[in-house]
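Undergrad: the following comprises the amino acid sequence and a computationally predicted model.
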Amino acid sequence: MIRNWSAWALLPPIYSVCTAAGLWLVYFVAIMNGQMAHLGTQHRRRNGSFYPPYISIAGNFPPASCIFSEVMNLAAFVGFFIALLRYLQLKRTSVKPWLNFVSLAAFTIGCFGMTLIGNFQVLNELEIHNVGTLMTFGLGILFCWMQSYITMSVNLRGEGRRIAILRFLLSGTVTVSMIVYQALMMLGHHVNAAQGQWALVMFFLMFLGTFAVEFRHNSFDIVCTEISGRSETYTDAFESELDQQ
């Protein structure tokens, strides 16, 4: 039986699941080492200091911080790669070129923000960490709304309007989670704010996973071009070697 969908469709959901699993691993390692409160409690440490279960707090103390840095760096790299594939997919469609480029640029900067979050711990380099948080969440939400609009406008294979509804709902959920998270944090309800932050990140990863719908229609090939102008894909090069044998 011939497969009628591209294997690239597996990349977005695998990315979302693995990133979420990595973050939850960081959380459980931090809990097991008694470094912060559970998501559902108002626990205080014996010395009186309070460590609410924010994602950044979970990734602040070793050994969880080592895992956190690795997860965020890999998430930034693969996330950028997914955004680049999405940009290439839309490059020859009816979407406005500037809109497609701005969407890629926004997410690229957001991915750089992920590396700042992962490598500059919140209790050690607060200013840099907060800049990374603003870049990741702020530009990430902008990316969600832009991609929702693009999905509806392009309507690839007649599926765009249906998947756009889901993406608009997820974009709204991510935005509301961000507002609730910020409001609760300012009010000092830190455990509830942390719950909002975890929800925000999980919904955002779900959004990225939806790109599997469009990716299943496309194959992305790497092309090698010589200075003389001759180009070949890796598949062509392999077939050429077989002919010479």
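TA: Yes, it's here.
Undergrad: CA only for contacts and neighbour counts going forward, please
TA: Fine.
Undergrad: which residue packs closest to Val201, ignoring adjacent ones?
TA: Spatially, and ignoring its direct neighbours in sequence, Val201 is nearest to Val174 (7.8 Å; CA to CA, 6 or more residues apart in numbering).
Undergrad: residue ranges with poor pLDDT in the protein?
TA: 1-3, 41-50, 228-245 (pLDDT under 70).
Undergrad: related to what we said a few turns ago, what about the residue nearest to Val201, which helix or strand?
TA: Element membership for Val174, per DSSP states H and E: helix 160-187.
Undergrad: mind listing what's buried along the helix or strand hosting Leu139?
TA: Taking DSSP H and E as the definition, Leu139 sits inside helix 126-154. By neighbour count with 16 or more other CA atoms under 10 Å, helix 126-154 contains the buried residues 128-130, 132-154.
Undergrad: angle of it against helix 160-187?
TA: 160 degrees (axes from the mean of the first three to the mean of the last three CA atoms, to 10 degrees).
Undergrad: quick one: contacts for Phe61?
TA: Taking CA atoms under 8 Å, 6 or more residues apart in numbering, we find Phe61 in contact with Ala30, Gln35.
Undergrad: my guess is Tyr149 contacts Ala164. True?
TA: Yes: between Tyr149 and Ala164 there is a contact at 7.2 Å, judged by CA atoms under 8 Å.
Undergrad: follow-up on the earlier one: and the residue nearest to Val201, how far from Val26?
TA: Distance of Val174 to Val26, computed by CA to CA, to the nearest Å: 22 Å.
Undergrad: mind listing the strands for this protein?
TA: Ranges of strands in the chain, per DSSP state E, are 223-225, 231-233.
Undergrad: ok now do Asn218, which residues does it touch?
TA: Counting by CA under 8 Å, 6+ apart, Asn218 touches Trp5, Ser6, Trp8, Gln89.
Undergrad: mind running it again at 6 Å?
TA: By CA atoms under 6 Å, 6 or more residues apart in numbering, the contact set of Asn218 is empty.
Undergrad: picking that back up, who are the packing partners of the helix holding Val174?
TA: Judged by 3 or more CA pairs under 6 Å, 6 or more residues apart in numbering; DSSP states H and E, helix 160-187 is in contact with helix 126-154, helix 190-209.
Undergrad: please redo it, this time with the cut-off set to 10 Å
TA: Contact partners of helix 160-187 among helices and strands, from 3 or more CA pairs under 10 Å, 6 or more residues apart in numbering; DSSP states H and E: helix 126-154, helix 190-209, helix 212-215.
Undergrad: could you give the angle of it to helix 190-209?
TA: Put simply, helix 160-187 runs at 160 degrees to helix 190-209, going by the same axes, to 10 degrees.
Undergrad: would you mark the buried spots in helix 160-187?
TA: Applying a neighbour-count criterion of 16+ other CA under 10 Å, one finds 160-161, 163-164, 167-168, 170-175, 177-182, 184-185 buried in helix 160-187.
Undergrad: many thanks, have a good one.
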